[in-house]
Each structure stands twice: as structure tokens, then as C-alpha cells.
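Q: here is a sequence together with a model predicted from it:
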Protein chains: 2
Amino acid sequence: MNGNHTRNHTPLEPKADRETVRRHNLSLVLRAVRDEGEVTRAGVSARVGLTRAAVSSLVEQLMESGFLSESGKTFSGQAGRPGTVLKVARTGVAGIGVEINVDYVSVCVVDLAGTDRVRLVEHLDNRGAAPAQVLGRAAGIAARALASAAEQDLRPVGAELALPGLISAGTVRQAPNLGWTRVAAEGPFAEALAALRPGLAALPVRSENEANLAALAELWFGGLGQVRSFLYLTGEIGVGGALVLDGELLSGAHGFAGEIGHVVVEADGPECRCGSRGCLEQYAGQSALLRAAGIDENAGAAGVAELERRAREGDERAVTALRQAGLMLGRVLSGAVNLFDPDAVVLGGIYRPLMPWLSPAAGGELAGRVVSGLWPEGSGRLRASSPAADAARGAAARVVQDVLADPVAYAVP
Amino acid sequence: MNGNHTRNHTPLEPKADRETVRRHNLSLVLRAVRDEGEVTRAGVSARVGLTRAAVSSLVEQLMESGFLSESGKTFSGQAGRPGTVLKVARTGVAGIGVEINVDYVSVCVVDLAGTDRVRLVEHLDNRGAAPAQVLGRAAGIAARALASAAEQDLRPVGAELALPGLISAGTVRQAPNLGWTRVAAEGPFAEALAALRPGLAALPVRSENEANLAALAELWFGGLGQVRSFLYLTGEIGVGGALVLDGELLSGAHGFAGEIGHVVVEADGPECRCGSRGCLEQYAGQSALLRAAGIDENAGAAGVAELERRAREGDERAVTALRQAGLMLGRVLSGAVNLFDPDAVVLGGIYRPLMPWLSPAAGGELAGRVVSGLWPEGSGRLRASSPAADAARGAAARVVQDVLADPVAYAVP
């Protein structure tokens, strides 16, 4: 018995349109090669369940359009002739991701395989500047990254912005730590970028919450193994969060899900920029952590490095600050785990290097407070994010996902 | 651009099997009639996008199998001949739901339309008894309800148990307020029920968390209108919770999602039966509420009625207890809303009659602490559950859902 059948509100058509079927299957083959890394036509056929003849025809079209290439290697399977090994092209279609955060901008270009091919990070303070100025700066950095990409024969077909705020229908509804309210970011960024690249086609631009994109990067490029449902936290000036369920981002009814930084820890705690009091961010955000450790809270990345250095040396104030933040994180996380029942919790951003001092306290809270009993200490469910996965890469990879989903739409005529 | 295409890992078949198509379309037509209540063949055709001839043939088969009937009325649309009005059959195939809670058992039989046709509630204390004894009692109540159903020519084809605990693969992993740990409930219930109905075929039995089923009942039979994503809380001896996203229950990675009763409110608060401290249940569960109001915490439904009576009369202790519980509910709910971004929060169980005294404080916390700003006071997003929706009805309706999803599998040969 299974009650989950109500989604099918359309009649089945006995015949699907031939062109639709071919486009779907081109995507299926391209994704199979991307997932396998290197694979023969026979391997693709076994994976996707299409005949070898059908796969060969689809592969031919994908090679002509520049999406696939032959590696030159051959592979002998258990039966049949040795096959030529296929891989996705490392030039041509690509994606660009642009993370605009409070104290840095990070730009990443990824190829069809999802590999990070260009990376440009600038540390700067975006808090004092108007949104248009911040977006203009970010466009300048993106333009330099695009120039590097062009030198590698990579052609991004879209850009995605990663922003630390609540984003709905292309508008940043609120980004408290940037001081933004109701900012339409995509248009100004696209125009600023177009102005820097005269004669080139304007890139389509979209935007998404940075924690959501970092979580997707973790899903696609992190070391999560079989984990498909997890809660992701990123420590920055703010504390961002995202929920991934069965490999899909959980957006919520309005696109605002995952705001774990504004879960209340103490009802009468310190005021938060969001307008509430006692939010997790006020106990475990970058500024709060540095302040509690006796480090200048505006010291940015250098301050975090200093905190890590002091903790490593056993500085009591630093270690205590981290243990306290870990306790608060663990309390909020135990509640979130009771609500959402994920397979894992992944801590990214500044939490990654600080895990040795955060995780004992946080893990203890999870062990004691998760009702399912699935989070005993040593369960390995609380883990640091992968250094290879960040919001900019997630943003760039989303553009590539679109290509993989319908390569025909992105083929050069 | 849309990155959400990775689910399709199977090639499209140009032709679907003819029998599969017909079974799918029989379900489609049956659900269309159920959703519309009363509708002509032409109305069904317009709704599902199949030709009138195809609909007529499908309707004929559904009538022969006893799933549909003609109401006797006719309806003249804007064009064509008047059509005979169809409705789902009010006899025949049905579902039975059995909620086993701490201090009551509630059994419900619903027909194909989802209408509550038999209801049997017994107030008793299940805490002192062994699981087998509790399941045996519940089977006795279910057998009496099945006898009433038979008198109405209703034939339940399956039973679903609603239980206040963490359930995975048919086993109650933990039901702290019943005192159950690792109890396989389905088999013993099915056997006890079969022993009470000699000569009749044994019913297939499955089980699910009661808050999850109450939330589904709210979705299907409550007054939620366009709301498809909501957080559901039910106040009982424990505090149960469920998350519904886009009309689907969110189960979590292990089926344990929604345990809002064990979100921590105060780190060093009172011990909870789950093994943690300071859980929401210790502030807003039935026992805590009654105790705070100066009423015997073991008084059950009579105690809740007394609390409501005192609050209505303005008894200060009762009103204060409810305001405090509302504050704690609001704090936890604001965190859950920040995480999950639902369209609404629905309070059921004992919270429903107590809403006038709970909701001002809870609503104030939501207004002040939800970062999206979508929950100002008076937004109407915090609401009481419908009296027509409860876990037993949700459980019974899940059985009927299976029939609606594939009526051929349940047709009497």
C-alpha cells in the first residue's frame, strides 16, 4: 500500500513526441558520461537502458555539438570488442558562479564535468557600499574571471549570483548583514557585466541564497557518499543554512527555508540585525565568535585564522568561545534534526577549520537531544564541509546542470 | 534556467503498455469524480484531458466494479445534451483508521469520498498496559467499528494504525509516552483483529506516526484552501508534529521528521521522557499545561475541558499557564518557520479548543522572530486545525488513497 500517488493529474499519452524523447535521451546519455567520468558506449548503454545503437547515435550528436569527446583510451569489458572511452568535453559550454558575501567576493567558472577551472577571490568589505556599487565590483571580478575562462576556451552560458539573504523571484528581500532590503540584483549585475564586455552577448543571470548553493556544491562535489538528506550550515558574518532532502534543495513555500541563523537560542538574548533577539547568529556567527575570543570582530578572514591559531595553541579564551558556540550550535541543530531527520549535518564556512573545537560540544548536544537516538557521539553524522564545495562553485554548477538537462538548447548552431 | 532535472534517470519509452495506460486512466477518472463530488462525463473529460468516448468507457468499467454510481440528477452545461451526474460509490470499498494514543483509542471508517462513516472513540489509559494488551484492546474496538461498517455495506480493504511515536518499517522505534521501545505493532494487531472476525479475510495493516496522519487529514479534509505547505502540531500527552511540503508529507531520511515536541526550549529545563531536558513537550504538552493551571495532570480530556472552562471564565492561573505555553510554542514555531518556510502553522489536538488563549502569545513570537517578515500579527498563518480532520480519519483515508491510485487492484472479481 502506498498513498503517494496523487501527483499524477495528467493522462498518460500512449506515444510521446519523437523529438521530446530524443532530447530527453541526449540529456540522459550526457549525464551518464558526466557521472561515470570515463565510460564506453557499452557502459552508457548498460547504465541508461537504451540499446547500443541508440546510444551510438546519441553520442555522435553530442560529439558533433562539442559536449562529449573521446579520451583516446580504449576499454575491454567482459564481452565484445574494446570500446573507445568517452568523457565530457573540457572546453566549450561552462557556467560562472559569483558569490557576493559580506567581506569577500568569490567567482568560479566550472566546465561540463563540474570541475573548478577559474577561481578569483577578493577580500573586501561590502557593508559600507550601496548595492549598485557592490554589484558593479562583483561584475568587474566576474569579467576578469570570464577573460581567464576564454583563454581556456570555456564559454559560460549563464551566471548565477550567490547572496547571503532571502531571495524570491530574483529579488533580495532581505540580506541583513549586507544591509540590503528589496534589492533586484540580477538586472544591475547583468548590465554592469555587459558594459565590461562590449561586443559579447549578455549572459542570463539569476540569483539564489548562498547557503543553498553551498549545500548543493556539497551534495555534488563534497564527500557525502550515500548521504542524500542533510542540513547544511555555513558560518560567515551571518549563519546561513540549507536543507537538502533526497538530493533536492528544500526551498519552502516562498523560497526562504533554511534560515537556521535566526532560530532563537535565548528569548531575551542580544538584538539581531534581523529585528529579533537571541538568534543563533548572535552566539555562533563570525563576529560573536571573534568577540568572545577577544579578537577584533571586524578582522575578517585574518581574525578567523587568528582564532584557529589561538585555539590550536590552547588559548583558554579561544577554546571556551568555541566550546560555547558549539553548545549553541548543537542545541539548535538538535531541534532541527528532530524536525527534519536528516542523515547528516554539514558545517561549512568558518566552521570548517574550527571543527576540532566546535564539534565535541555540538556533538554532545546532538547525542543527548535527538529523540530518534540515531546521533550518538562518534556516529560521524556531524561533519565538516568539503573544501572543494562552496557557494560560488555550486552557483556555477547550477548553470551547467541546465546544460546537462537539455544540451540541445545550448548547442552552438 | 532550472537545475531541477536530475530525477529523470530512466529513458522515455515511446510506447507505454496499453493495460498500464488504462489502469492509470481509471484512477485519473475516479479521482476526478472524487475531487469534484458530483460531475458529468463531459466535466470529467474537460478536467482530465481525455476524450468523452474514452471517459465513457472508463466510467462504465468503474461503475461495473462498484466504484462509481449515477446520482440520478442531470446537468446541462453550456453545450451538448444534459449529462447524468456521477459520484463515487457510498458503499463497497472503504478504509479503516485506528489511532492508539496515550489516553484514548479512536477508530474511523471512511468511504471512497473520504467521508467519516463510522466513528468509535474510547477513553482509556494505555500507559500501564503491555503493547500486546493495548493492541488487543484496539483490535476489539476496530472489530466493533467493522461490524458497524458492514451494516452500511462498507468493506474496508486495509487498516492503518496511527501511533504517537517514531515508526520505521512497521516498527515503533520509540513511543516515549506509551512507554514503548521497538514494538512491532502491525502483526499483533492484525492477528488480534483476525481472531475476532472468524471466517473473514485478514486485513492488511500498516502503521504511521499519528501527527503525520493528522496533518494529512488536515490537508485533505481541513479548511486550508490554497495552503499546500504547512507545519502541523498536535497537543496531546506528548506534542506531535508533521511537515507537509507541496501537499506531500516530509518523512525525513529515516521516517522520523516532525518531532517538534522534542525541540529544546531551555537547555537545563525539566527532564523529558525522551531522555533530554527542556523539550517543548515539558512546557506545552497536556500534562505540563494542566499542572501549570493547577489542574490534575492525569485528568485527561476532562482536565482539558476544565482548563478551557477556567480560561473562559478568566481564571488567572489558567490564562497565565496558556499564555506561557503559547510563548514557548511561538518560540519553537518561529525557529521551525525560519527553517522550513511553510505557508501556515496548524495547531490541533488539545490546542484547537485552547487557541483563543494560546495564539496571542504564539502569534507575537512568530511576528517578532520570523526573518522573512511574512508572519505579522493578523496574517492568519497561525490557525487551529479543523474538527473534521484527525489522525484516525487520515489513517483511514490513506487506505482509500491506495484504492483511488489503482482501483483495478481492489475490484471484486
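A: Structure received. Residues are numbered from 1 along each chain as shown, chains lettered A, B, ... in the order given.

Q: next SSE after the strand or helix carrying residue A:216?
A: Following DSSP states H and E, one finds residue A:216 within helix A:210-221. Of the helices and strands lying after helix A:210-221 in sequence (DSSP H and E), the nearest is strand A:230-235.

Q: tilt between the following helix or strand past that following strand and helix A:210-221?
A: As assigned by DSSP H and E, the chain's next helix or strand after strand A:230-235 is strand A:239-245. In terms of direction (axes from the mean of the first three to the mean of the last three C-alpha atoms, to 10 degrees), strand A:239-245 departs from helix A:210-221 by 50 degrees.

Q: tell me what the helix holding residue A:216 is packed against?
A: Packing contacts for helix A:210-221, counted by 3 or more C-beta pairs under 8 Å, 6 or more residues apart in numbering or on different chains; DSSP states H and E, involve strand A:92-100, strand A:154-163, strand A:230-235, strand A:239-245, strand A:248-249, strand A:344-349, helix A:391-405. (Each C-beta comes from the backbone N, C-alpha and C, glycine too.)

Q: between the ones you listed, which one is closest to residue A:129.
A: The closest of the helices and strands packed on helix A:210-221 to residue A:129 is strand A:92-100. By C-beta to C-beta, the value is 10.8 Å.

Q: that closest one vs chain B: in contact?
A: No: judged by C-beta under 8 Å from any C-beta of the partner chain, strand A:92-100 makes no contact with chain B; its nearest approach is 9.7 Å.

Q: and that strand, which strands flank it?
A: The strands that strand A:92-100 pairs with in its sheet are strand A:104-110 (antiparallel), strand A:154-163 (parallel) (by DSSP bridges).

Q: can you put the ones you listed in JSON lines and add mean neighbour count and mean pLDDT?
A: Shown next, in JSON lines, are those (neighbours: other C-beta atoms under 10 Å in any protein chain shown; pLDDT from 0 to 100):
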{"stretch": "strand A:104-110", "mean neighbour count": "25", "mean pLDDT": "96"}
{"stretch": "strand A:154-163", "mean neighbour count": "24", "mean pLDDT": "97"}
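
Q: before we move on, the earlier item: minimum distance to residue A:25: which of the helices and strands packed on helix A:210-221 has it?
A: For these, the distance to residue A:25 is smallest for helix A:391-405, at 12.5 Å, taking C-beta to C-beta.

Q: that older thread, can you redo the strands paired with strand A:92-100 as TSV with distance to residue A:119?
A: Listed next are these as TSV, based on distance: least, C-beta to C-beta, whole Å:
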stretch	distance to residue A:119
strand A:104-110	5
strand A:154-163	13
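
Q: could you give the angle of the helix holding residue A:216 to helix A:391-405?
A: Per the same axes, to 10 degrees, the angle that helix A:210-221 makes with helix A:391-405 is 60 degrees.

Q: determine how far helix A:210-221 lies from the middle of the whole chain.
A: Between the centre of helix A:210-221 and the centre of its chain there are 2 Å (C-alpha atoms, centre = their mean, to the nearest Å).

Q: and stretch A:104-120, by the same measure?
A: Using C-alpha atoms, centre = their mean, the offset of stretch A:104-120 from its chain centre is 12 Å.

Q: need the distance between the two termini of it.
A: End-to-end span of stretch A:104-120 (C-alpha to C-alpha, to the nearest Å): 10 Å.
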